[in-house]
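>>> Predicted model, plus sequence, below.
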Amino acid sequence: MGYRLSKLYTRTGDAGTTGLADGSRVGKDSPRIEAMGAVDELNSCIGVLLAGLTSTALQPVHVALAPVQHRLFDIGGELAIPGVNIIEAADVTELETLIDGFNAELPPLKEFILPGGSLQIAQAHLARSVCRRAERRYQTLAGKETINPQALAYLNRLSDLLFVTARSIARLDSTAEVLWQPKPKPAQ
């Protein structure tokens, strides 16, 4: 196996910079580090979601999302080594296939859905919203540096997959989705 961290603190970041895997140093608030942090947070959200998908009925969602954690780690690797591209068009296509498969089993969407109904559904929606933030951070970086456009597309499709998996969790677990109820208009 490759290099392992034997010491967790180095004190090299005490001045507000952090090292990238290519040896360069950037500010801890740089767009690259912001994108890395958002992708890491997303990966943690998906980990929490996966840890709660313990029922046999929810195994299709678990099987679909488990590899996503590895691809997110790959995106983090891309961000840590500027110029390296790991995510490919095939990875994006794989998400599209999962989205289509899950969506084919769902009733048509007629109302806006709120995050809730069960802890797992809410966690899937939380992961979706964190994914959208990661996508925004990645897009900010793309405005300043060259990035892998496939990784940006992957994050975009992943948020769609997380939305569909939230709905699928409701279906597989026989839990009603929480539908948005607009504020009633005042009586005239």
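That came in fine, so what should we check first? Residues are numbered from 1 along each chain as shown.
>>> So for the spatially most central residue of the chain, what's the pLDDT?
With distances taken as Cα atoms, centre = their mean, the residue of the chain nearest its centroid is residue 131 (3.8 Å). Here the pLDDT value assigned to residue 131 is 98.
>>> Excluding sequence neighbours, find me the nearest residue to it.
With sequence-adjacent residues excluded and distances taken as Cβ to Cβ, 6 or more residues apart in numbering, residue 131 is closest to residue 159, at 4.2 Å. C-betas here are computed from N, CA, C, even on glycine.
>>> I'd say that neighbour and residue 125 touch.
No. Applying Cβ atoms under 8 Å as the test, residue 159 and residue 125 come out as separate, 10.4 Å apart.
>>> neighbour count winner among these two?
residue 125 (23 against 20; other Cβ atoms under 10 Å).
>>> Can you name the residues that contact residue 129?
residue 115 (Cβ atoms under 8 Å, 6 or more residues apart in numbering).
>>> do the one 5 residues further on as well
Taking Cβ under 8 Å, 6+ apart as the contact definition, residue 134 lies against 35, 38, 39, 41, 42, 155.
>>> Give me the secondary structure label for it.
Three-state call for residue 134 (DSSP: H, G, I helix; E, B strand; the rest coil): helix.
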